[in-house]
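Asker: Structure, please.
(2 chains)
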Amino acid sequence: MKERWTKISETAAEKQERQFEAWLSAENVSFVNSEAEIRYKERVTLFKDAIQMKKTPRRIPVVPSLGSFPIEYAGISWYDALYDYEKLAHAWEKYQEDFDPDGSHTPRTMPPGKALEMLGFHLYRWAGGGGLRNDQEYQFAEAEYMKGDEYLDLIDDPTGFFLKTYFPRIFGELGALQKMPSMPPIHEIPMVPAGLLPFGMDDVKSTFAKLSLAGDEAHKWLAAVNGVGATIMGKGCPSFSAGFSKAPFDVIGDSLRGTKGVLMDMFHHPEELCEACERLTPFMIKCGVAACRASGHIMPFIPLHKGADTFMSNDQFNTFYWPTLKKVIIGLINEGIVPQLFAEGSYNNRLELIEDLPKGKVVWWFDTTDMTRAKKTVGRNNCIAGNVPLDILCAGTPDDVENYCRTLIDTAGKDGGFILSSGAGVQGSKPENVKAMIDFSKAYGVYK
Amino acid sequence: MFDELVDAMTQMRDAEALEITQTLLDGNADPVRILNVCSEAMEAVGKKFEAGVYFLPELMMAGEMLKQISEKVKPMLKGQSEKKTAGKVLIGTVRGDIHDIGKDIVSFLLEVNGFDVRDIGIDVAPDKFVEEIKSFKPQVVGLSGLLTLAYDSMKDTVQAITEAGLRDSLKIIIGGGQMSDKIREFTGADACAKDAIDGINLVKEWI
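Answerer: All right, here's what the predicted structure looks like:
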């Protein structure tokens, strides 16, 4: 079979243009008035110009990585945020009203606690049924959920592995999914009854009943979070991203093998690790594309974790991390999608390795990377975003924030191709600092 | 053989390193010397890390090799004294934060470097740090945290240690993804480690 996702297709530019048009047309948005519509479209245009790098935008678009900031800002507890969808929605709306960033976030990253509880989810801990106190944000509980000798099971059948092996391990109430049949063998009449048998078993039936109830809960939650998303957009602020994807290596390193497991697999299971990343690649492309198509948006959020400077050498990055991430990126670009690559930690050693992407097709969002160097490398061809540091936002003053933003705009923001943001989710920041970051940068970031 | 052991360890050939150890033990080699040779290898790996040649994967591999070799060798020590512990370090993830990966890596590397480490877990309240310091009497306390909520928790912990009159008897080091010198200043700690080896070097410098 011909290798896929190695080069940019001829239709990529045209598809991207269509996707931008869909975002700009805001077909499904009900605007409160014509000024709101104008504001919305101006903002989408700021992002479009910054991303495509065909011309300098009117000004630098400003949007912090929000994290859970609205929860603390609205003074609600984490329990409220995860269990009371109206309070959650209100918190997001209040943040949006008071800070007026150029891009919005819906509270979709704050999942319904009740649904998680019904399924006995324990990949994360959270306030309420997830074992944390009401003042604690939800947090990942890393463990070796896949063993080192299970790579071939994952490679042979990623969907089957997730359904029958991984889910029973991370959802305490879904143990009976182990009994699900393997699907490809069900393709002739004699295989149908055998394929049906699990569905007649009591434990499987009750598992599906639980999934159904959790699904109902997810719908209630979705109505609230979509409602606030529509309100925010209707007042003139486009969403900054839609959907989610990940680097295949991070799927394995974060959620299946854990940090220690995946780093040692580079020595103990190098071929299986690379092959598993390959097998996950199409899934990561498709989930980013599907979310953008469904919402008429253009940018799926892709948080990058274990490719950062301290986690591995450049050789290891080039062997294990980058090849399949690059395929995900190209796969998305070929569908007209703009990957929003959020490189957590520092990427100083990687800049020369990742700059080889076509012009105007991705956003590289940096955390603690040197932005002056980022501008001179990756920034020549692609939009960069970032990186007001959390230590300044949390422990500094508005003056400190403004000084940082001024330098950032003068260097990284020069001649366009830049979105001003924070280096990571702004939870814990002083509200006056977040305000200073947004207000100052909107004013100072106007291109003359 | 000893040179080969160092070579296997520093070149990440873990199966071979274990085989060589077994052969050495079968040939009645001095177990203390084996452990000393392993320390040499660890030092070489640490230097390569500082030089930007090795990264976290090699540190984890080397630490794991040392752990497994030590497990093989220690029963053979037969009353010979083990290397004196290099010093005592108390480590925990501060209140509110339940992340343990960074803390576990640092604890592990401190242990394989000969330190007596007491790891008091995650989401540790300031009072608990104080209590544990009183009983364990460490020279260094490590405060770990990934989230920004850890900033305040670290500050509260340093303050609680000071109020308990224990601050002058120890050094405090902070570490984690969003930590910086600005946060070190904010919390009142003595140092901020930028990565695991930096942390271990700081501890070695102090003790």
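Asker: Show me what the particular helix or strand that has B:Gly92 in it pairs with in its sheet, parallel or antiparallel.
Answerer: Per DSSP states H and E: B:Gly92 is located in strand B:88-93. With DSSP bridges as the test, strand B:88-93 is paired with strand B:116-119 (parallel), strand B:140-144 (parallel).
Asker: Now the helix or strand just after the first one: buried residues?
Answerer: Read in the C-terminal direction, the helix or strand following strand B:116-119 is helix B:126-136, with elements assigned using DSSP H and E. Neighbour-count burial for helix B:126-136, with 16 or more other CB atoms under 10 Å in any protein chain shown as criterion, is recorded at B:Pro126, B:Lys128, B:Phe129, B:Val130, B:Glu132, B:Ile133. Any C-beta I mention is one placed from the backbone N, CA and C, and that applies to glycine too.
Asker: just so I have it, where are all the strands in the stretch 101-250 of chain A?
Answerer: Assigned by DSSP state E, counting those that start in this stretch, the stretch 101-250 of chain A shows strands spanning A:124-125, A:139-140.
Asker: Just checking the first one against chain B, any contact.
Answerer: Yes. Using CB under 8 Å from any CB of the partner chain, a contact is recorded between strand A:124-125 and chain B, made by A:Arg125.
Asker: Report back the residue of chain B that's furthest from centre.
Answerer: B:Gly27 (31.8 Å; CA atoms, centre = their mean).
Asker: re the thing from before, anything in the very next helix or strand once past the strand holding B:Gly92 sitting right up against chain A?
Answerer: For strand B:88-93, the following helix or strand on the C-terminal side (DSSP H and E) is helix B:101-112. Yes. Using CB under 8 Å from any CB, we find that helix B:101-112 touches chain A at B:Ile101, B:Asp104, B:Ile105.
Asker: which sections of the stretch 51-200 of chain A are below the confidence cut-off?
Answerer: Counting by pLDDT under 70, the stretch 51-200 of chain A contains no low-confidence segment.
Asker: What segments of it are helices?
Answerer: In the stretch 51-200 of chain A, the helices defined using DSSP state H, counting those that start in this stretch lie at A:69-74, A:78-83, A:85-99, A:113-118, A:151-156, A:158-161, A:167-170, A:191-196.
Asker: which secondary structure elements does the first one contact?
Answerer: Read that as helix A:69-74. Using 3 or more CB pairs under 8 Å, 6 or more residues apart in numbering or on different chains; DSSP states H and E as the contact test, the elements touching helix A:69-74 are helix A:78-83, helix A:85-99.
Asker: hey, which of the ones you listed is tucked in deepest?
Answerer: Among those, the stretch with the highest mean neighbour count (mean count of other CB atoms under 10 Å in any protein chain shown) is helix A:78-83, at a mean of 24.
Asker: Pull up the gap between the residue in chain A positioned nearest to chain B and A:Ala141, please.
Answerer: Using CB to the nearest CB, the closest approach of chain A to chain B is made by A:Gly428 at 3.0 Å. As defined by CB to CB, to the nearest Å, A:Gly428 lies at a distance of 21 Å from A:Ala141.
Asker: Comparing the two, which shows the higher neighbour count?
Answerer: Comparing A:Gly428 with A:Ala141 by other CB atoms under 10 Å in any protein chain shown, the one with more neighbours is A:Gly428, at 23 against 17.
Asker: Next to chain A, which bits of chain B? Give me the list.
Answerer: Chain B has residues B:12, B:14, B:52-57, B:60-61, B:64, B:96-101, B:104-105, B:123, B:147-149, B:151-152, B:177-180, B:182-183, B:186, B:195 near chain A, with proximity defined as CB under 8 Å from any CB.
Asker: Report the buried members of the residues you listed.
Answerer: By 16+ other CB under 10 Å, those give B:12, B:14, B:54-57, B:60-61, B:64, B:96-100, B:104-105, B:123, B:147-149, B:151-152, B:177-180, B:182-183, B:186, B:195 as buried.
Asker: Chain B contacts on chain A?
Answerer: Near chain B, the residues belonging to chain A are A:125, A:132, A:135-137, A:139-142, A:258-260, A:263-264, A:266-267, A:310-313, A:316, A:344-345, A:349, A:389-392, A:394-396, A:424, A:427-429 when assessed by CB under 8 Å from any CB.
Asker: Give me the nearest residue to the most centrally placed residue in chain A, chain neighbours excluded.
Answerer: The centre of chain A sits closest to A:Phe301, judged by CA atoms, centre = their mean, with a distance of 3.1 Å. Closest residue in space to A:Phe301, ignoring its immediate chain neighbours: A:Ser241 at 4.2 Å, by CB to CB, 6 or more residues apart in numbering or on different chains.
Asker: And the pLDDT at that neighbour?
Answerer: We have a pLDDT of 95 for A:Ser241.
Asker: How is chain B divided into domains?
Answerer: Domains of chain B are assigned by automatic domain parsing as B:2-77, B:88-206.
Asker: Please identify the most buried of those.
Answerer: Mean neighbour counts were compared across the domains of chain B using mean count of other CB under 10 Å; the top stretch is domain B:88-206, at a mean of 20.
Asker: I'm done for today, thanks for sticking with me.
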